[in-house]
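Participant: Model the structure of this input:
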Amino acid sequence: MSEKKSAGWQSVRRQLEDWNKPALIALVKDLYDACADNRDFVQARFQAEENAGTALEKYRGKIVEQFYPARGFGKLKLAEARKAIRDYRKATGNLTGTIDLMLTYVENGTDFTREFGDINEAYYNSLDSVLHEMAQLLLSEGSELYPQFRERLQDLADRAEDIGWGYGDSVGDYVCQLENELAGD
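Facilitator: Coordinates of the predicted model:
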């Protein structure tokens, strides 16, 4: 027996097109009230142009929490920290804030390993992957933003220099590439 597959978004969209504004607002309010992730998304969407708004800080807190929680030890649920970056970008489309959150992720990961010692290859691969994606964003879409992040990146390279698994070298390579291509001194 095969179940009929849901038509998904297209079906929902067709129904929503007939709704009036008060009904749509009520739906958004219900979604907002239903779960914290929805609230964060809606608030971020309406603060998309604010680089240092409360939405950015809320998502930053989700990242930092994985490394340095208010209580206890870091859980290092890196997937949750990375999800916060994706969710912020999806909600806002704000490139500056997205790059800021990516750098926050890598900075906290670097500081964590400096404080608590060597982790494992998967950990460093995750940090490296986010740094690579951030570098690509700066090179392709956000070259004008480089001066805003330059000092933090150079500080990151200094702090990561002696970390093993090739991580320190990789950070140095990315920062050097960004400096060579975007510094424009």
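
Participant: In the protein, which helix is the longest?
Facilitator: Ranked by residue count and defined by DSSP state H, the top helix of the chain is helix 95-116.

Participant: buried set for that helix?
Facilitator: Under the neighbour-count criterion of 16 or more other CB atoms under 10 Å, helix 95-116 has 95-110, 112-113 buried. C-beta here means a position set from N, CA and C on the backbone, and glycine is covered the same way.

Participant: Counting neighbours, which bits of the next helix or strand after that helix end up buried?
Facilitator: For helix 95-116, the following helix or strand on the C-terminal side (DSSP states H and E) is helix 121-140. Neighbour counts over helix 121-140 (16+ other CB under 10 Å) mark Tyr123, Tyr124, Ser126, Leu127, Asp128, Val130, Leu131, Met134, Ala135, Leu137, Leu138 as buried.

Participant: would you turn those residues into a markdown table with pLDDT?
Facilitator: Listed next are those as a markdown table, based on pLDDT from 0 to 100:
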| residue | pLDDT |
| --- | --- |
| Tyr123 | 96 |
| Tyr124 | 97 |
| Ser126 | 97 |
| Leu127 | 98 |
| Asp128 | 97 |
| Val130 | 98 |
| Leu131 | 98 |
| Met134 | 98 |
| Ala135 | 98 |
| Leu137 | 97 |
| Leu138 | 97 |
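
Participant: Tell me which two in these are the farthest apart.
Facilitator: For the buried residues of helix 121-140, the farthest-apart pair by CB to CB is Tyr123 and Leu138; their separation is 23.2 Å.

Participant: Tell me the spacing between Leu78 and Leu139.
Facilitator: Distance of Leu78 to Leu139, computed by CB to CB, to the nearest Å: 24 Å.

Participant: Check the burial of Leu78 by counting its neighbours.
Facilitator: Neighbourhood size, Leu78 [other CB atoms under 10 Å]: 20.

Participant: which ones are touching the closest residue to it other than its chain neighbours?
Facilitator: Once flanking residues are discounted, Leu78 sits nearest to Ser126: 4.8 Å by CB to CB, 6 or more residues apart in numbering. By CB atoms under 8 Å, 6 or more residues apart in numbering, the contact list for Ser126 reads Leu78, Arg82, Gly109.

Participant: can you give me the helices in this structure?
Facilitator: According to DSSP H, the chain carries its helices in the segments 9-16, 21-34, 36-46, 54-67, 78-92, 95-116, 121-140, 146-160, 167-182.

Participant: Pull the contacting residues for Leu127.
Facilitator: Applying CB under 8 Å, 6+ apart to Leu127 gives the contacts Tyr105, Val106, Gly109, Thr110, Tyr167.
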